[in-house]
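# I would like to see how this sequence folds:
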Amino acid sequence: MSSKVTIELTRDAFERAEARAREEGLSSAEAYVENLILDDNLEEILAQDWVRKALEEGDRSPDAGELTRERIRELVRQGIDRAK
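Numbers count the residues shown, from 1 in each chain. Next up is the predicted model:
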């Protein structure tokens, strides 16, 4: 289950978040903020043994592609969405 939280930003902060979202190919300032929070927790997530093993196993797959930080972020987001 997801919940909605509203935060207030200065116009400057919001415009910066929107600009960064566009630069990173994200849909909105909200998506940018979500990525910041996910990145903040990414190292902790990756430190979990089962996550590291699953990523290593997937990385050995012939169609895995490059395992970039963005790809790892997307995989984690998909896992969180499935868990909901």
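
# CA only for contacts and neighbour counts going forward, please
Noted.

# Buried residues of the worst-scoring helix or strand of the chain on mean pLDDT, list them for me.
Among the secondary structure pieces of the chain, namely its helices and strands, helix 69-83 has the lowest mean (mean pLDDT, DSSP states H and E), a mean of 74. If you call a residue buried by 16 or more other C-alpha atoms under 10 Å, then helix 69-83 has these buried ones: 73, 76.

# contacts for it?
Counting by C-alpha atoms under 8 Å, 6 or more residues apart in numbering, helix 69-83 makes contact with 35, 38-39, 42, all of which sit outside it.

# most neighbours, which of those?
When these are compared by neighbour count (other C-alpha atoms under 10 Å), N35 ends up highest, at 19 neighbours.

# hang on, the earlier thing: where's the dip in pLDDT among the contacts of helix 69-83?
Among these, L42 has the lowest pLDDT, at 76.

# Tell me which residues touch that one, please.
Listed by C-alpha under 8 Å, 6+ apart, the contact set of L42 reads R73.

# CA atoms only: put the host helix or strand of it into CSV for me.
Element membership of L42, judged by DSSP states H and E, is helix 29-46. The C-alpha coordinates for helix 29-46 follow below in CSV (Å, rounded to 0.1, in the frame of the first residue of the first chain):
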residue,chain,number,x,y,z
ALA,A,29,10.2,16.5,-9.3
GLU,A,30,8.4,13.9,-7.2
ALA,A,31,10.2,11.1,-9.1
TYR,A,32,13.5,12.9,-8.6
VAL,A,33,12.9,13.1,-4.8
GLU,A,34,11.9,9.4,-4.7
ASN,A,35,15.2,8.6,-6.4
LEU,A,36,17.1,10.7,-3.9
ILE,A,37,15.5,8.7,-1.1
LEU,A,38,16.1,5.4,-2.8
ASP,A,39,19.8,6.4,-3.4
ASP,A,40,20.1,7.3,0.2
ASN,A,41,19.1,3.7,1.1
LEU,A,42,20.7,2.0,-1.9
GLU,A,43,24.0,1.2,-0.2
GLU,A,44,22.1,-0.4,2.8
ILE,A,45,20.0,-2.4,0.4
LEU,A,46,23.0,-3.6,-1.6
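
# Return the set of buried residues in the following helix or strand past it.
For helix 29-46, the following helix or strand on the C-terminal side (DSSP H and E) is helix 49-59. Neighbour counts over helix 49-59 (16+ other C-alpha under 10 Å) mark L55 as buried.
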